Structures are given as C-alpha cells and as structure tokens.
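In: Quick one: sequence and predicted model below, then my questions.
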Amino acid sequence: MNKLSPQKIKILRVIYNLEAQGLPIIGPKEISERLQISKSYAFIAMKELTKQGYLLHFPRKGFRLSEKGKKVAKRLIRNHRILEIIFVKYIGFDRETACCFARVLESRIPSHIVEEIANRLGNPTVCPCGYRIPAREECEEGIIP
C-alpha cells in the first residue's frame, strides 16, 4: 500500500464523513474549508489521491472515495473508536477528551496493535459515543505514514 501523508489521510477522512452525511460529490472547496488549507492545495492533493487509487474524480464536478479510499477511511475510524474505548474505559477521559487524543493517534498506530486491543476488549461494535465501529474486514491495513 502507498504510504499517505498526514494531510492526505485527513482529506480521506473528511471526504468519508461528508459522504456519510449524504454529500455525493466533494470538491476542493469543502476540503479547504474544513481543513483550513488552500483550495489549490486541496485540489492538487485530491488529484494525487486519485492517481494513487483512493479517490474517483469526476471532472468539473468533484471527487468520491474509491473502494480503496473507503477502506482506508474505515481503518482510521476503527482505530479512532477503539482508542476512544481505551481512553474512556481505562484512563477515565470524558468522551470529548478521548476523541481529541484518538484523533491524534488514529493514523499513527499500527493496525495490528489496534486489532490486539480490539481482541482484548472483546471486539466491540460501538464506541463510547454510540457509533458503529467498522469491522476489521472492512478496513485497509497499514496506513502508517
């Protein structure tokens, strides 16, 4: 798998969240606004992600996640939500603090460690906020930049 920069990982996660909210096509404007980056950088990064197979590009319309991109985004979400459980259940953080720390680590923790944590937790299916945790089979492995 291609290694992804932290910024490109953030772009994939934002696109996944926007698609989950019902936005069918995402443009550089939405990415630039949410990540506070320039629209031109967002477009260049999205084109690179398309070349790498993570996005589908619809000229003059925008972008969507490819199946590969969805698997990476689901890996990030799985990592995030498993980490949230650890932070809430074992460290005692409130959900908001747990979310902040999980966001920092979600793209940096190796998937095999997340899977070991998930196994030890009994393979939970929801996070402390009540959101579904994507199953391991839905996720890409090895996204560490």
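Out: Arrived safely.
In: Which element, helix or strand, includes the nearest residue to Cys139 once chain neighbours are set aside?
Out: Excluding its sequence neighbours, the residue lying closest to Cys139 (CB to CB, 6 or more residues apart in numbering) is Arg75, at 3.9 Å. All C-beta spots, glycine's among them, are computed from the backbone N, C-alpha and C. Arg75 belongs to helix 67-86 when assigned by DSSP states H and E.
In: Output the contacting helices and strands for that helix.
Out: In terms of contact count using 3 or more CB pairs under 8 Å, 6 or more residues apart in numbering; DSSP states H and E, helix 67-86 is assigned the packing partners helix 6-20, helix 95-105, helix 111-120.
In: Can you say which of those helices is packed in most?
Out: helix 6-20 (a mean of 19; mean count of other CB atoms under 10 Å).
In: for that one, packing partners?
Out: By 3+ CB pairs under 8 Å, 6+ apart, helix 6-20 packs against helix 28-35, helix 39-51, strand 62-65, helix 67-86.
In: In CSV, list the ones you listed along with distance to Ile15.
Out: What follows is the helices and strands packed on helix 6-20, written out as CSV (distance: least, CB to CB, whole Å):
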stretch, distance to Ile15
helix 28-35, 7
helix 39-51, 8
strand 62-65, 6
helix 67-86, 7
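In: looking at these, which is closest to Ile9?
Out: With CB to CB as the measure, helix 67-86 is the member of those nearest Ile9 (6.7 Å).
In: What residues of that closest one count as buried?
Out: By 16 or more other CB atoms under 10 Å, the buried positions in helix 67-86 come out as 68-86.
In: now stretch 22-32
Out: Result for stretch 22-32 [16+ other CB under 10 Å]: buried residues 26-28, 30-32.
In: cool, stretch 121-128 as well?
Out: 127-128.
In: Now do that stretch: everything it contacts.
Out: The contact list for stretch 121-128, computed with CB atoms under 8 Å, 6 or more residues apart in numbering, reads 80-82, 84-86, 88-89, 95, 98, 118, 132-133.
In: How far does it stretch from one end to the other?
Out: One end of stretch 121-128 to the other measures 13 Å (CA to CA, to the nearest Å).
In: chain center to it, what's the gap?
Out: Taking CA atoms, centre = their mean, to the nearest Å, one finds the center of stretch 121-128 at 18 Å from the center of the full chain.
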